[in-house]
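Chemist: With the input below, show me the fold.
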Amino acid sequence: MNSDDIEKRANTIHALDFQKSHNGMTATLKEGYIECNIIDLKPETIIYRIIPFCRLLEILENQKLTLVKPRLWEDPLENFLLKATGETTNGEKVSFESIREAFYALCWSLREECDGLWRTFRTKQVSVKLKSSVNKLIDSFYDIENPFHYLSYFIGKVEYISDNDIRKVFSKNIDRFFSSDNILLINTLLVKRAAFNYEQEVRLIFNLPNNDDEDYSKVKNRWNKNSDCFSFKIDINSVIDEIVFEPWVSKDDYKNMETNIRNLNYNGPIKRSDLYDEQTFKVRIS
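Modeler: Residues are numbered from 1 along each chain as shown. Okay, the predicted model is just below:
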């Protein structure tokens, strides 16, 4: 998100707040707020997420998706800024721990089918791929009853840059990242090393409100500041468009697992990846 986009976002939110103060919250206004927090993506963009089958069953049973704190990610250069220790001009050390602990994220991908992703996220258990879209996901995620909603719920496309460029970005004066709307800070969570660009990642991000004096009684999905996870409720049939099993699953296991999914009231398409299925071609010989 460049400086022009950031200014446009701020002006749009100001206009939306003005309309809300005069007319109250409407579905149209909610759409406007959501659009402001979709970063470098179109709302209709299709996205995917690979998870273990056991995790899918939990999602179906609980009708919830869960975000985790980025400090739990494996890449040492992930969340580079907030893992760092700051230093003032007089040499005083500054920790970003309290800010770092306020973020949660859930990773998706723009790639529909990729051997590398299947293998990266493959476990001892069978894996499945969920299909959704940016607008369906964030519409369920975005809670307009949160007094700080436009500071809290985001979805954005990850930018891939070199290790050196990552260090250059964060070696400069970092005061600019800590603006009142947090948008530049959110953008730091949308930067990843170029070595991972095959993932074509999209991230759903929750920023924990830091004002404990507000009334959060109407918020649908409450949070626990001491937890490494944040969950939000979904209607699985409204959010998940399709479930695809990994290409290595046996036919018998696939049938049994499909039955388990149906028993948990998922009504959408279910299929097995044909990535490694034998292909038959006809060639014309003159």
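
Chemist: Enumerate every residue touching the closest residue to Ile34 other than its chain neighbours.
Modeler: Distances taken as Cβ to Cβ, 6 or more residues apart in numbering put Tyr142 closest to Ile34, at 5.2 Å, once the chain neighbours are dropped. Quick note: C-beta positions are derived from backbone N, CA and C, even for glycine. By Cβ atoms under 8 Å, 6 or more residues apart in numbering, the contact list for Tyr142 reads 30, 33-34, 37, 149, 153.

Chemist: distance between the ends of stretch 97-117?
Modeler: 31 Å (Cα to Cα, to the nearest Å).

Chemist: actually stretch 201-220, sorry about that
Modeler: 27 Å.

Chemist: is it true that Ile39 touches Val158?
Modeler: No - counting by Cβ atoms under 8 Å, Ile39 does not reach Val158; the two are 9.8 Å apart.

Chemist: joint contacts of these two?
Modeler: Counting by Cβ under 8 Å, 6+ apart, the residues touching both Ile39 and Val158 are Leu190.

Chemist: If you rank every helix and strand of this structure by mean pLDDT, what lands last?
Modeler: The least trusted helix or strand in the chain, going by mean pLDDT, DSSP states H and E, turns out to be helix 80-83, with a mean of 59.

Chemist: Could I get the phi/psi values of Lys233?
Modeler: Note on Lys233: its backbone torsions stand at phi -80, psi 150 [degrees, to the nearest 10].

Chemist: partner residues bridging it?
Modeler: Partner residues in beta bridges with Lys233, using DSSP bridges, are Lys64.

Chemist: who touches it in this structure?
Modeler: 63-64, 140, 220-221.

Chemist: May I ask which of the residues you listed has the most neighbours?
Modeler: Ser140 (19 neighbours; other Cβ atoms under 10 Å).

Chemist: That one against Ile236, yeah?
Modeler: No - applying Cβ under 8 Å as the test, Ser140 and Ile236 come out as separate, 9.9 Å apart.

Chemist: the strands in the stretch 151-286 of the chain, which residues?
Modeler: 153-157, 159-161, 191-193, 201-207, 229-233, 242-245, 270-272 (DSSP state E, counting those that start in this stretch).

Chemist: gap between the fourth one and the chain center?
Modeler: Distance of strand 201-207 from the chain centroid (Cα atoms, centre = their mean, to the nearest Å) equals 3 Å.

Chemist: before we move on, back to that, which one of the strands of the stretch 151-286 of the chain is the most hemmed in?
Modeler: strand 153-157 (a mean of 23; mean count of other Cβ atoms under 10 Å).

Chemist: and Glu112, how many residues sit next to it?
Modeler: Using other Cβ under 10 Å, Glu112 is surrounded by 13 other residues.

Chemist: For it, report the pLDDT, please.
Modeler: What the model reports as pLDDT for Glu112 is 92.

Chemist: So it: helix, strand or coil?
Modeler: Taking DSSP: H, G, I helix; E, B strand; the rest coil as the rule, one finds Glu112 in the coil state.
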